[in-house]
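>>> Got a predicted model here, sequence first, then my questions.
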Amino acid sequence: MSNVASSHPKSRRHTKDSDRNRRVPSLRVHKASGQTYVVLSGKAIYCGKPGDPFTEQRYHQALAEWLAAGRQLPGCPRVITVKELLARFWVHAEQYYRTLTDGRSKELEQFRLALRPMKELYAETQAADFGPRALQAVRHRMIEKGWSRLYINKQVNRIRHVFKWAVSNELLPSSVLTALQAVPGLKRGRSDARETEAVKPVPMHMVEAIKPFVSPQVWAIIQLQLYCGARAGELVRMRPIDIERGEEKLTPGGSVRVYCPKEHKTAWHGHERKIYIGPRAQKVLAPFLLRDPNAYCFCPAEAEEERRQRLHEERSTPLSCGNVPGSNRKHDPQWRAGNRYTTDSYRNAIARACDKAAPPPEPLAKREDETKRQWQERLTEKEKAELSAWRKAHRWHPHQLRHNAATELRKEFGIEAARIVLGHRSAAITEVYAEKDEQQAIEAIMQVG
C-alpha cells in the first residue's frame, strides 16, 4: 500500500516540496565578481571571497540568523508595515504554538482573533508608528465587538507579545514596545467593556436534571469530572491503555488508579498531570474499559448507534411499513459521529440537554421552533434578550463541574488536597476554583462575636 502511495505524482511532489523546505542553502560563487554568496528568502547575501578565513564565518552567521527567524530575513526597522509584521509573526507562531487541543492550537486561534482588529485598522501603517493611541483604538474596536473586559486585556497582551517578538528579532526598535507597555489595562467600572461573572459551581439538582437527556457516555464524563476534578479535555482523551499504564495505589478503603494524560493544559511547561481515580470513579469507568486498549473510552459513534437502537426498539410502526433501519441514511452525510468527544461537542451535548430539561416558556419556545422551521422568520431583539436570559439562568457548562469538585475537596480535606487533585502548581490558583466555606466563618463569629 505504501509503494502505491509513494508512486502517485502528488505524493512525489509533496515529498520534493518537503525536502526542499528542509534543505539548507549552500554557499555559491558569483563568477563575474568572484565573490561567494548564499540565497536566503530570494535575496543574495554576499559573504566574501573564496579562501578568506571570515567567509565561512559570515555564511554560518547569516544562515543561523535566517533559521532562527523562521527562515526569514530580518526586516529593516521603521520600514516594515503592520501587515508584514503580522505575516512574519504568523510564520513563527505556527511553528511555536504546536500544542494541539482537539486537532487545533487554541492559542493560535486566540492570536488570530486578537490581531484581526489591528489588521482591520492599521494594516498599511508602518509598524514603528503603531503607538499607544493606535493600541487604544484597537482596544476600542474590541469593546464595540462586545468582548468582555478581562478578555480584552488578555488580547491586548497578545498584541504586545507580537511587538515583543518583533523587537527580539530586530524588526522594530525597543522604543515601540516600551511605548505600548505604557498603556494600562482596563479597570472594573472604568470602561465601557462588558463585565463577566465569576464561574460558580453548578447546583447538583441542575446536573441531575439532564441525566435523561444525555447519552451514557456524556453522563459518565460528567460523573468523572465531579469525582476526579479533571478538565473536560483530559477525560475525553482517556483510553484503557492509559489507565493500565498508570500507577495503582493501595489504601485501607480500596485502590486508587492514577491516570497521566500525555496532552494537558500545562504540558508545554514540562509539568506532569496526575488524575486520581477513586472507587466511585472506577465503578463509573469500568463499562467503558471493555474495548480495544488503544480506543477512546467515550465514543460518540457508539452513543449514536445506541440511540438509534433505542429508537428502533421503541418503534410502533410495523417493519413492513415505513423505513427500515439503514434505509433512510445518506450515503455521504456532512456530519459523522467521531471516535471521541471534543471539548466543544461535550459542552454542546450538555447545552442541548439543559434546553430539554428546562425548555423556555411557551411563547419563546414556540417562536424559536417557528424560526427553525422557517428560515425567513427572525426573533425580535426583545425575544432574543428574553431567550438569552432564560438560557443563562438554566444552562451550565462543563468547567463548572471542576469548581464543584474543588469546593467539595476544600471543604472536606483542605486547600492543599484540592490543589493536588486539581493539578495546580500554586494554592492561589485553587482559590479561584474552590468556594470558601462561609459556614466555618459563621460558627467562628458565633463564638467570638
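Ah, there it is.
>>> what pLDDT does S191 get?
At S191, the model reports a pLDDT of 91.
>>> okay, now the nearest residue to it once chain neighbours are set aside: neighbour count?
Excluding the flanking residues, the one nearest S191 by C-beta to C-beta, 6 or more residues apart in numbering is R149, at 6.3 Å. Where C-beta positions appear, they are placed from N, C-alpha and C, glycine not excepted. For R149, the neighbour count with other C-beta atoms under 10 Å is 21.
>>> ok, now V448?
V448, neighbours per other C-beta under 10 Å, totals 5.
>>> Just list the residues touching it, thanks.
V448 makes no contacts at all, as judged by C-beta atoms under 8 Å, 6 or more residues apart in numbering.
>>> Report the beta-bridge partner residues of the closest residue in space to P25 that isn't next to it in sequence.
Excluding the flanking residues, the one nearest P25 by C-beta to C-beta, 6+ apart is V38, at 5.2 Å. Under DSSP bridges, the beta-bridge partners of V38 are I45.
>>> any idea how far V38 lies from A209?
As judged by C-beta to C-beta, to the nearest Å, V38 and A209 stand 68 Å apart.
>>> quick one: V256 is in a helix?
No - V256: not assigned to a helix; according to DSSP: H, G, I helix; E, B strand; the rest coil it is strand.
>>> Make 13 the first number, not 1, from now on.
Done: numbering now begins at 13, and the last item shifts to V268.
>>> doesn't A139 make contact with L97?
Yes - between L97 and A139 there is a contact at 4.5 Å, judged by C-beta atoms under 8 Å.
>>> Tell me the residues that contact both of these two, please.
With C-beta under 8 Å, 6+ apart, L97 and A139 have common neighbours 178, 183-184.
>>> what helix or strand is Y288 on?
Secondary structure assignment for Y288, by DSSP states H and E: strand 287-289.
>>> more neighbours, V50 and A221?
V50 (20 against 16).
>>> tell me the contacts of that one?
By C-beta under 8 Å, 6+ apart, the contact list for V50 reads 37-40, 56-57, 59, 71, 74-75.
>>> and the gap between the residue minimising distance to the centre of the chain and R124?
Computing the C-alpha centroid of the chain and ranking residues by C-alpha atoms, centre = their mean puts K118 first, at 3.5 Å. According to C-beta to C-beta, K118 stands 10 Å off from R124.
>>> mind putting the shared contacts of L97 and A139 in a markdown table, neighbour count included?
Formatted as a markdown table, the shared contacts of L97 and A139 follow (neighbours: other C-beta atoms under 10 Å):
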| residue | neighbour count |
| --- | --- |
| A178 | 26 |
| L183 | 24 |
| L184 | 24 |
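>>> Rebuild those as JSON lines, extending it with secondary structure, pLDDT and distance to V103.
Formatted as JSON lines, those follow (DSSP: H, G, I helix; E, B strand; the rest coil; pLDDT from 0 to 100; distance: C-beta to C-beta, whole Å):
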{"residue": "A178", "secondary structure": "helix", "pLDDT": "93", "distance to V103": "13"}
{"residue": "L183", "secondary structure": "coil", "pLDDT": "89", "distance to V103": "12"}
{"residue": "L184", "secondary structure": "coil", "pLDDT": "91", "distance to V103": "16"}
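>>> Among those, which one sits closest to G143?
L184 (11.7 Å; C-beta to C-beta).
>>> Name every strand pairing with the strand holding Y288 and say which way it goes.
With DSSP bridges as the test, strand 287-289 is paired with strand 266-271 (antiparallel).
>>> buried set for the strand it pairs with?
By 16 or more other C-beta atoms under 10 Å, the buried positions in strand 266-271 come out as 268-269, 271.
>>> same check, this time on stretch 101-109
Result for stretch 101-109 [16+ other C-beta under 10 Å]: buried residues 101-102, 104-105, 109.
>>> Let's have those in a markdown table, adding distance to R172, secondary structure and pLDDT.
Formatted as a markdown table, the buried residues of stretch 101-109 follow (distance: C-beta to C-beta, whole Å; DSSP: H, G, I helix; E, B strand; the rest coil; pLDDT from 0 to 100):
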| residue | distance to R172 | secondary structure | pLDDT |
| --- | --- | --- | --- |
| F101 | 12 | helix | 93 |
| W102 | 16 | helix | 92 |
| H104 | 15 | helix | 90 |
| A105 | 14 | helix | 90 |
| Y109 | 17 | coil | 85 |
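>>> what residues does stretch 158-175 touch?
Contacts of stretch 158-175 (C-beta under 8 Å, 6+ apart): 97-98, 101, 122-123, 125-127, 130, 139, 142, 147, 150-151, 154-155, 184, 188-189, 192-193, 195, 197-198, 200, 203, 205-208.
>>> For I57, give me its contacts.
Neighbours of I57 in contact, by C-beta under 8 Å, 6+ apart: 49-51, 74.
>>> if I look at it, how far off is V103?
To V103, I57 is 19 Å away according to C-beta to C-beta.
>>> just G245 next, same as before
Using C-beta to C-beta, G245 is found at 27 Å from V103.
>>> And for Q193?
Per C-beta to C-beta, Q193 is found 24 Å from V103.
>>> how about the helices in the stretch 213-362 of the chain?
With DSSP state H, counting those that start in this stretch as the criterion, the stretch 213-362 of the chain has helices at 216-221, 228-240, 244-247, 252-257, 291-297, 312-325, 355-369.
>>> Report the inter-axis angle for the longest one versus helix 228-240.
Here the directions of helix 355-369 and helix 228-240 differ by 100 degrees (axes from the mean of the first three to the mean of the last three C-alpha atoms, to 10 degrees).
>>> low-confidence ranges in the stretch 13-162 of the chain?
Within the stretch 13-162 of the chain, the segments meeting pLDDT under 70 span 13-34, 81-82, 86-90, 111-116.
>>> Tell me which stretches of it form strands.
40-41, 48-52, 55-60 (DSSP state E, counting those that start in this stretch).
>>> Quick check: which of the ones you listed is buried the most?
strand 48-52 (a mean of 18; mean count of other C-beta atoms under 10 Å).
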